[in-house]
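>>> Based on what follows, work out the 3D shape:
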Amino acid sequence: QVQLAESGGGLVQAGGSLRLSCAASRRTASTYTMAWFRQAPGKEREFVAAVSGNGISTRYADSVKGRFTISRDNAKNTVSLQMNSLRLEDTAVYSCAAGRRFEVVQRLYDYWGQGTQVTVSS
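Residues are numbered from 1 along each chain as shown. Down below sits the predicted model:
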């Protein structure tokens, strides 16, 4: 069992930056792909970014490529999402997830955090 806890959400103006963090309750290195998903009001949850167990491979949704960067620190069992050039449409609840496959499909992820709210204002 892996418990995940997100932090770092908040209110930011369009064009600004935020850094989200996710702490895992136990060692996830090399075993789990870590990913971020988001759910905007009235919309389905969508994939944002993923990083492989060894931290070498990453995948991003087209909507965030070039603006967001996912990274992990396996020594600390944490994964981060650096979000730059934020847009109004980035407003959502961002959730951290852990899964055994390097995929973008949310049903393949086994463990989920509670989520953290990110609100981008004009």
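>>> CA atoms for contacts and neighbours, from now on please.
Noted.
>>> and Thr119, how far is that from Arg87?
9 Å (CA to CA, to the nearest Å).
>>> same thing with Lys65?
From Lys65 to Arg87 the distance is 13 Å (CA to CA).
>>> More neighbours: which of these two?
Arg87 (19 against 12; other CA atoms under 10 Å).
>>> Identify the residue spatially nearest to the more buried one, adjacent ones excluded.
Leaving out its chain neighbours, the residue that sits closest to Arg87 by CA to CA, 6 or more residues apart in numbering is Ala14, at 5.1 Å.
>>> Was I right to think the one you found contacts Thr91?
No: using CA atoms under 8 Å, Ala14 is not in contact with Thr91; the gap is 10.0 Å.
>>> joint contacts of the two?
By CA atoms under 8 Å, 6 or more residues apart in numbering, Ala14 and Thr91 have these common neighbours: Val120.
>>> coming back round to it: just give me the neighbour total for the residue nearest to Arg87.
When neighbours are defined as other CA under 10 Å, Ala14 has 17 of them.
>>> Tell me which residues touch it, please.
Shown in contact with Ala14 (CA under 8 Å, 6+ apart): 85-88, 120-122.
>>> Just send these back as CSV, with distance to Ser30 too.
Below are the contacts of Ala14 laid out as CSV (distance: CA to CA, whole Å):
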residue, distance to Ser30
Ser85, 31
Leu86, 30
Arg87, 33
Leu88, 35
Val120, 34
Ser121, 37
Ser122, 40
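>>> So how do I select the buried members of those residues in PyMOL?
Remark: buried members of those, expressed as a PyMOL selection using 16 or more other CA atoms under 10 Å:
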select buried, resi 86+87+120+121
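>>> Which residue in the contacts of Ala14 has the weakest pLDDT?
Ranked by pLDDT, the contacts of Ala14 bottom out at Ser122 (94).
>>> got the residue ranges for the strands in the protein?
If DSSP state E is used as the criterion, the strands of the chain fall at 4-7, 10-13, 18-24, 33-39, 46-51, 58-60, 68-73, 78-83, 92-99, 109-112, 116-121.
>>> Setting the sequence-adjacent residues aside, check what's closest to the residue nearest in space to the middle of the chain.
By CA atoms, centre = their mean, the chain has its centre lying nearest to Trp36, at 2.3 Å. Closest residue to Trp36 apart from its sequence neighbours, by CA to CA, 6+ apart: Cys96 at 4.7 Å.
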